[in-house]
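1. Okay, sequence plus prediction incoming.
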Amino acid sequence: MIEPWRVGVLFSQTGVTAAVETTQLNATLLAIDEINEAGGAAGRPIEPIVYDPASTPRRFRTLAERLLIEDRVRVIFGCYMSSTRKAVLPVVEAARGLLMYPTLYEGFEYSPNCIYTGAAPNQNSQQLARYLFRHHGNRVVFIGSNYVYPYESNRIMGDLVRQAKGQVLDEMYVPLDPRPADLERALKAVSRARPDVIFSTVVGSGTAMLYDAYHRAGFDSSALPIASLTTSEAEVAEMRPEAAAGHITAAPFFQTLDQPAASRFVAAYQHRHGPAAAVPAAAEAAYFQVHLAAGALARGGGEAPEQLREGLTGLEFNAPQGQVRIEPANNHTHLWPRVARLDPTGRFRVVWTAPARVRPDPYRVMQELDPEAGHWPGRVEA
Ligand code: ACM
């Protein structure tokens, strides 16, 4: 009998980031089913063991231990918030396992036991900042959820603002599980500061509260947009379309991308979860990283981290966003930066696409903003 490849899957189905993490779970299981229908990974059926870590770092850590020690898996697909990745990674390292992490994050991290398939700051913060400074201005207010990713992402955005001789007028944090009044208070401070742009690092269920409170307060998104890296289709699905319209996100994938691999992925996802299902970049990375891992198992000869890393070296995959591969120097992924703006129906319209995929550079301290003043390569959409 062929031995199945048992893998762990840790995405929250409950708690503050359940909406986006559920899309990551669904996309992981979609990829596993596709691989199994095509004969398995290196001929072995993939057998997922799925737990709900409830958007809390402690639960993530406990369940990672259960997967690695009791269930005896070596590979875990999982984590959205950086606080949960930081809770899981020491456990994965101690057990000589591998975490495959499909979420944008703040960079400045490397582990031989982690493969990062979401965007690093040189693949999203930098492109978003350029777009904002060019089209809206460089006087910025930061509003974030109160945990590590927003602090670090704001530090990077602050460097970009200062490099452009702009100003961070205010920096505010709301609880991870906020009440509408928390966002209303933050927006009162925005009114006083009169910035060109709000940079939001609010995650999860607080996101819709922020955009709804902004809309109710009568702000105009064409004059003062909210720009974010964490407001995706999953969070927009929890807002009224008029609250979403005009705001801006940078990510490697948007559900509306008009290219064959993206359309195939979105159609397969919506076939399983309904025609209105949101399919964000976090789900796309969750999907392609399973395909990469399956390819690596076949090439590397085993599921130990060093074998999978060996198998990933030079492996290309035609992901929904475009061709991707893992950079062996830092275990992050070559990705396709894009900037999109939400239209009046609440759909992302891509307004800028990188001319080529971008090498991950997670330790980059200063980001190149506009090396040749006035010249910014990339495809600008009408
Ligand atoms: C995140 O916490 N990496 C979004």
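-> Received it, and whenever you're ready, just let me know what you need.
2. can you tell me how far the nearest residue to residue 359 once chain neighbours are set aside sits from the ligand?
-> Spatial nearest neighbour of residue 359, chain neighbours left out: residue 334 (5.6 Å); criterion: CB to CB, 6 or more residues apart in numbering. Yep, even glycine has a C-beta here, placed from its N, CA and C like the rest. According to CB to the nearest ligand atom, to the nearest Å, residue 334 and the ligand sit 19 Å apart.
3. So in that sheet, which strands flank whichever strand or helix holds residue 334, and in what orientation?
-> Element membership for residue 334 (DSSP states H and E) is strand 332-334. Here strand 332-334 is paired, per DSSP bridges, with strand 322-327 (antiparallel).
4. what about the partner strand, distance to the chain center?
-> 15 Å (CA atoms, centre = their mean, to the nearest Å).
5. Next: stretch 53-68.
-> Relative to its chain's centre, stretch 53-68 lies at 20 Å (CA atoms, centre = their mean).
6. repeat for stretch 234-248
-> 17 Å.
7. Can you get me a residue count around the residue lying closest to residue 4 once chain neighbours are set aside?
-> For residue 4, ignoring the flanking residues on the chain, the nearest one in space by CB to CB, 6+ apart is residue 47 at 4.0 Å. Neighbour count of residue 47, defined by other CB atoms under 10 Å: 14.
8. Quick check: bridge partners of residue 47?
-> Under the criterion used (DSSP bridges), residue 47 bridges to residue 6.
9. The residue nearest to residue 359 and residue 69: what is the separation?
-> Computed as CB to CB, to the nearest Å, the residue 334 to residue 69 distance reads 34 Å.
10. The residue in the chain that the ligand sits nearest to: which element?
-> As assessed by CB to the nearest ligand atom, the ligand sits closest to residue 149 within the chain, at 3.2 Å. Using DSSP H and E, the element containing residue 149 is helix 148-163.
11. Buried residues in that helix, which are they?
-> Buried residues in helix 148-163, counted by 16 or more other CB atoms under 10 Å: 148-154, 156-161, 163.
12. what element comes up after it heading to the C-terminus?
-> Taking DSSP H and E, what comes next after helix 148-163 is strand 167-174.
13. what angle separates that next one from helix 148-163?
-> Orientation of strand 167-174 against helix 148-163 (axes from the mean of the first three to the mean of the last three CA atoms, to 10 degrees) gives an angle of 170 degrees.
14. who's in contact with strand 167-174?
-> 138-146, 150-151, 154, 158, 161-162, 182-183, 186, 189-190, 193-195, 202, 206 (CB atoms under 8 Å, 6 or more residues apart in numbering).
15. mind running it again at 6 Å?
-> Contacts to strand 167-174, defined as CB atoms under 6 Å, 6 or more residues apart in numbering, come from residues 139-144, 146, 158, 161, 182, 186, 189, 193, 195.
16. how about the residue of the chain closest to the ligand, what does it touch?
-> Listed by CB under 6 Å, 6+ apart, the contact partners of residue 149 are 82, 106.
17. what about stretch 108-128, how long is it end to end?
-> 19 Å (CA to CA, to the nearest Å).
18. Residues of the stretch 101-250 of the chain that sit close to the ligand?
-> Residues of the stretch 101-250 of the chain that fall close to the ligand, judged by CB under 6 Å from any ligand atom: 103, 104, 105, 149, 203, 230.
19. Now for the fifth one, how many residues are close by?
-> Around residue 203 there are 26 other residues, counting by other CB under 10 Å.
20. repeat for the last one
-> The criterion is other CB under 10 Å. On that basis, residue 230 has 28 neighbouring residues.
21. if we can go back for a sec, correct me if wrong: the residue nearest to residue 359 contacts residue 323.
-> No - in this structure, residue 334 is not within contact of residue 323 by CB atoms under 6 Å, at 8.1 Å.
22. quick one: which of those two has more around it?
-> Using other CB under 10 Å, the more surrounded residue of residue 334 and residue 323 is residue 334, with 18 against 12.
23. would CSV of the residues of the stretch 101-250 of the chain next to the ligand with secondary structure and pLDDT be doable?
-> What follows is those, written out as CSV (DSSP: H, G, I helix; E, B strand; the rest coil; pLDDT from 0 to 100):
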residue, secondary structure, pLDDT
103, coil, 99
104, coil, 98
105, coil, 98
149, helix, 98
203, coil, 98
230, coil, 98
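24. Distance to residue 26 for the residues you listed - can I get that in CSV?
-> Listed next are those as CSV, based on distance: CB to CB, whole Å:
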residue, distance to residue 26
103, 15
104, 18
105, 21
149, 22
203, 19
230, 19
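25. Select only the buried ones of the contacts of strand 167-174 in ChimeraX?
-> Here is the ChimeraX selection string for the buried members of those, based on 16+ other CB under 10 Å:
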select :140,141,142,143,144,146,158,161,182,186,193,195
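26. In a markdown table: the contacts of strand 167-174, plus distance to residue 56.
-> Shown next, in a markdown table, are the contacts of strand 167-174 (distance: CB to CB, whole Å):
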| residue | distance to residue 56 |
| --- | --- |
| 139 | 36 |
| 140 | 31 |
| 141 | 29 |
| 142 | 25 |
| 143 | 23 |
| 144 | 19 |
| 146 | 14 |
| 158 | 28 |
| 161 | 32 |
| 182 | 20 |
| 186 | 24 |
| 189 | 29 |
| 193 | 33 |
| 195 | 33 |
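27. Good, wrapping up.
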